[in-house]
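Colleague: Need a 3D model of the sequence below.
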Amino acid sequence: MKSSSYCAIVFLLGFMLTLTYATIGRENVCRTVPLKNCTFVNDNATLCGNIPTCSVPYDEFVTNARLMDGNAPRVEMSFPSWANYKLLQRGQRFVQDHWFSFSLAADMGRMANMVNADIRDVAMYTGAMSTSPVGCAKILASFGAKTMTWAQDLQVAPPTIPWNSDFLQSVNRIRWIHIKLSRDLLSRYRLTGVTSIVDPATYENITTNDIVWDAFHQDLVDSKIPAESRLAPPIVSEGDPSSIPFFNQQSLAYFQFNAFTYPILMGKTFGIGAVSEDDLWAYNHLSAVIGYTFGLDDKYNVAIQPNMSSLREYYSKIYDGMVIPSLFHINKKTKVTVENILVATRIHTPAWTLQLYLYRIATLLANVPAPNLAKLFNDQDKYHDNNLRTNVLPKLLVNPAFRRETNTKAINDLIKIGRVYYGNNYTTQYGRARDTFLTPIRNV
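Modeller: Residues are numbered from 1 along each chain as shown. Okay, here's the model as predicted:
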């Protein structure tokens with residue numbers, strides 16, 4: 001696989017190289033500290049017998065989570081009290097071993113996030129994601145640095161000196177950016193009374209590639225996706241700042257979902273072969289912990305479920321009820337933002353055309369044929385599509401040596417890109433956790 005193809009898939013999210021590890025015994029990983037205000041369900045089929053369940057029912061998540069602040073107070077520089085460190089470590093190692101596949105899945109999830117009005121509009125407000133290819137490239141490299149840290153900085157016990165933790169330094173800096181942005185946006189709203197946070201002048205006059213977007217939409221329309229999964233979900237509509245916080249529990253959970261969920265829901269689609277339920281449970285615990293550190297309350301942290309069966313059912317409801325329907329309702333702001341992200345990506349990875357990206361959204365994420373998009377392929381699109389479908393993904397499923405080689409190549413390419421924007425800070429875990437932000441954030 002060409003270097004550009006490796007780079008493209010890892011550009012959003014980065015993770016450490018594959019490590020081999022011994023299986024962690026059931027008796028060593030089960031949570032011993034109960035979650036406050038949570039019930040427990042005994043499930044001997046999973047890694048731990050007693051699993052907390054805090055997330056509200058799906059219907060309540062849809063109706064209420066968007067109204068709840070996502071920047072609620074936290075004890076700074078801390079993991080949740082319910083974090084199980086051996087389970088967390090096992091989840092980190094799972095992602096290391098499947099990092100290329102995880103990154104490809106998250107790359108698809110990025111599209112779903114950019115259709116969510118709350119996530120997209122905050123990204124557009126900052127300017128770089130929707131109007132500046134170079135600024136966007138810096139942000140994408142920054143995302144990669146953070147996720148490398150979350151997998152690389154293995155957690156074995158609560159940090160004795162939290163401010164020395166690369167993991168906590170990374171997630172807390174992101175949370176501080178969220179808090180600052182939220183305050184700026186709220187102040188702007190109170191001063192102006194303008195509910196929309198995106199100036200129409202920043203996107204209305206930009207010409208988008210509607211030939212490609214129309215082909216994508218037509219492929220969805222022609223698919224067998226049921227009618228109930230085509231109705232516009234509330235997440236595609238702008239919210240009123242007087243009642244909907246700029247960083248709310250639903251938008252944080254939705255970002256978490258699209259970054260972490262697809263290896264659980266459709267792992268084989270992304271080249272993840274036979275893995276144990278215990279490994280997936282540990283991986284999901286990593287997602288739950290990261291969600292907490294970003295600001296998710298336990299009741300809206302969709303990764304907190306009683307067992308794998310309930311987890312998949314809950315995730316499927318979000319996928320069928322929010323992700324897929326949103327793809328039928330893409331507006332100008334989403335088109336402008338996604339196209340700018342792809343221009344940024346092509347600075348280092350020319351292979352990612354709009355038609356190839358949307359083709360993969362349709363065929364991988366939505367699992368529908370995309371003949372109209374395929375008709376728009378150039379020769380390079382055809383090569384990269386064929387290479388992924390017939391070579392890379394099948395080998396990832398069955399060949400551990402190929403998977404390790406692919407992971408290594410992908411990480412090396414990501415570090416090469418990161419050094420362009422952040423210099424040698426991108427080459428160390430310490431630097432990636434602290435000094436690879438587009439806007440530097442310092443500890444107080």
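Colleague: for the chain, what helix or strand is lowest in average pLDDT?
Modeller: Scoring the helices and strands of the chain by mean pLDDT, DSSP states H and E places helix 26-29 at the bottom, with a mean of 31.
Colleague: Pull up the per-residue confidence for the residue most central in space within the chain.
Modeller: Nearest to the mean C-alpha position of the chain, by CA atoms, centre = their mean, lies residue 259 at 2.0 Å. Residue-level confidence at residue 259 comes out at 96, pLDDT.
Colleague: likewise residue 389?
Modeller: pLDDT, the model's per-residue confidence, is 97 for residue 389.
Colleague: Repeat that for residue 237.
Modeller: Residue 237 is assigned a pLDDT of 93 by the prediction.
Colleague: Okay, it and residue 107: tell me how far apart.
Modeller: Between residue 237 and residue 107 the computed distance is 25 Å (CB to CB, to the nearest Å). Placement of C-beta: from N, CA and C, glycine included.
Colleague: When those two are compared, which one has more neighbours?
Modeller: With neighbours defined as other CB atoms under 10 Å, residue 237 and residue 107 compare such that residue 107 has more, 24 against 11.
Colleague: Name the helix or strand for that one, please.
Modeller: Assigned by DSSP states H and E, residue 107 belongs to helix 99-115.
Colleague: From the contact counts, what lies against that helix?
Modeller: Counting contacts by 3 or more CB pairs under 8 Å, 6 or more residues apart in numbering; DSSP states H and E, helix 99-115 is packed against helix 3-10, helix 117-125, helix 249-260, helix 262-266, helix 324-327, helix 332-346, helix 354-360, helix 400-422.
Colleague: The ones you listed into a markdown table, with extra columns for distance to residue 379?
Modeller: Formatted as a markdown table, the helices and strands packed on helix 99-115 follow (distance: least, CB to CB, whole Å):
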| stretch | distance to residue 379 |
| --- | --- |
| helix 3-10 | 14 |
| helix 117-125 | 32 |
| helix 249-260 | 31 |
| helix 262-266 | 29 |
| helix 324-327 | 27 |
| helix 332-346 | 16 |
| helix 354-360 | 12 |
| helix 400-422 | 23 |
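Colleague: looking at those, which is closest to residue 231?
Modeller: For the helices and strands packed on helix 99-115, proximity to residue 231 was assessed by CB to CB; helix 324-327 is nearest, at 5.7 Å.
Colleague: Which pLDDT value goes with the residue nearest to residue 170 when sequence neighbours are not counted?
Modeller: The spatially closest residue to residue 170, leaving aside those adjacent along the chain, is residue 433, at 4.2 Å (CB to CB, 6 or more residues apart in numbering). Residue-level confidence at residue 433 comes out at 94, pLDDT.
Colleague: What residues of the helix or strand that residue 433 is a member of count as buried?
Modeller: Assessed by DSSP H and E, residue 433 sits inside helix 429-434. Taking 16 or more other CB atoms under 10 Å as the basis for neighbour counts, the residues of helix 429-434 that come out buried are 429, 431-434.
Colleague: now the residue nearest to the centre of the chain: how far from residue 300?
Modeller: Between residue 259 and residue 300 the distance, using CB to CB, works out to 16 Å.
Colleague: Next: residue 220.
Modeller: Taking CB to CB as the measure, residue 220 falls 29 Å from residue 300.
Colleague: By neighbour count, which bits of the longest helix anywhere in the chain are buried? Give me those.
Modeller: When every helix of the chain is counted residue by residue (DSSP state H), the longest turns out to be helix 166-192. Buried positions in helix 166-192, judged by neighbour count with 16+ other CB under 10 Å: 166-178, 181-182, 185, 189.
Colleague: same thing with stretch 374-386?
Modeller: By neighbour count with 16+ other CB under 10 Å, stretch 374-386 contains the buried residues 374, 376-377, 381, 384-385.
Colleague: all strands for the stretch 1-150 of the chain, in order.
Modeller: 39-42, 50-53 (DSSP state E, counting those that start in this stretch).
Colleague: If I look at the residue lying closest to the residue nearest to the centre of the chain once chain neighbours are set aside, what pLDDT would I see?
Modeller: Leaving out its chain neighbours, the residue that sits closest to residue 259 by CB to CB, 6+ apart is residue 106, at 5.1 Å. For residue 106, the pLDDT comes out at 96.
Colleague: Residue 106 - how many residues pack around it?
Modeller: So residue 106, with other CB under 10 Å, has 25 neighbours.
Colleague: That one and residue 258 touch, don't they?
Modeller: Yes. At 7.3 Å, residue 106 and residue 258 qualify as touching, with contact defined as CB atoms under 8 Å.
Colleague: Skip the chain neighbours and tell me the closest residue to residue 429.
Modeller: Spatial nearest neighbour of residue 429, chain neighbours left out: residue 166 (5.2 Å); criterion: CB to CB, 6+ apart.
Colleague: for residue 322, same thing?
Modeller: When the adjacent residues along the chain are set aside, residue 322 lies closest to residue 233, with 4.9 Å between them (CB to CB, 6+ apart).
Colleague: Tell me who's in contact with that neighbour.
Modeller: Contact criterion CB atoms under 8 Å, 6 or more residues apart in numbering gives 62, 321-322, 325-326, 329 as the residues in contact with residue 233.
Colleague: how close does it sit to residue 227?
Modeller: Separation of residue 233 from residue 227 (CB to CB) stands at 14 Å.
Colleague: Could you do residue 273 as well?
Modeller: Counting by CB to CB, the separation of residue 273 from residue 227 is 35 Å.
Colleague: who's more crowded, those two?
Modeller: For the pair residue 273 and residue 227, the greater number of neighbours falls to residue 273 (15 against 6), based on other CB under 10 Å.
Colleague: For stretch 119-132, buried residues please.
Modeller: Burial within stretch 119-132, assessed by neighbour count using 16+ other CB under 10 Å, is assigned to 119-126, 128-132.
Colleague: What is the nearest of those to residue 286?
Modeller: Of all these, the one with the least separation from residue 286 (CB to CB) is residue 119, at 20.9 Å.
Colleague: quick one: that closest one from residue 111, how far?
Modeller: Residue 119 sits 11 Å away from residue 111 when distances are taken as CB to CB.
Colleague: ditto for residue 351
Modeller: Using CB to CB, one obtains 17 Å as the distance from residue 351 to residue 111.
Colleague: now residue 387
Modeller: In this structure, residue 387 and residue 111 are separated by 21 Å, where distance is defined by CB to CB.
Colleague: Neighbour count: these two, which is higher?
Modeller: The residue with more neighbours, out of residue 387 and residue 111 and counting by other CB under 10 Å, is residue 111; that gives 22 against 15.
Colleague: residue contacts, that one?
Modeller: Neighbouring residues of residue 111 by CB under 8 Å, 6+ apart: 327, 338, 357-358, 361, 365.
Colleague: can you list the residues you listed in TSV and add pLDDT and distance to residue 416?
Modeller: Supplementary listing: these in TSV, determined by pLDDT from 0 to 100; distance: CB to CB, whole Å:
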residue	pLDDT	distance to residue 416
327	98	33
338	98	24
357	98	22
358	98	27
361	98	26
365	98	27
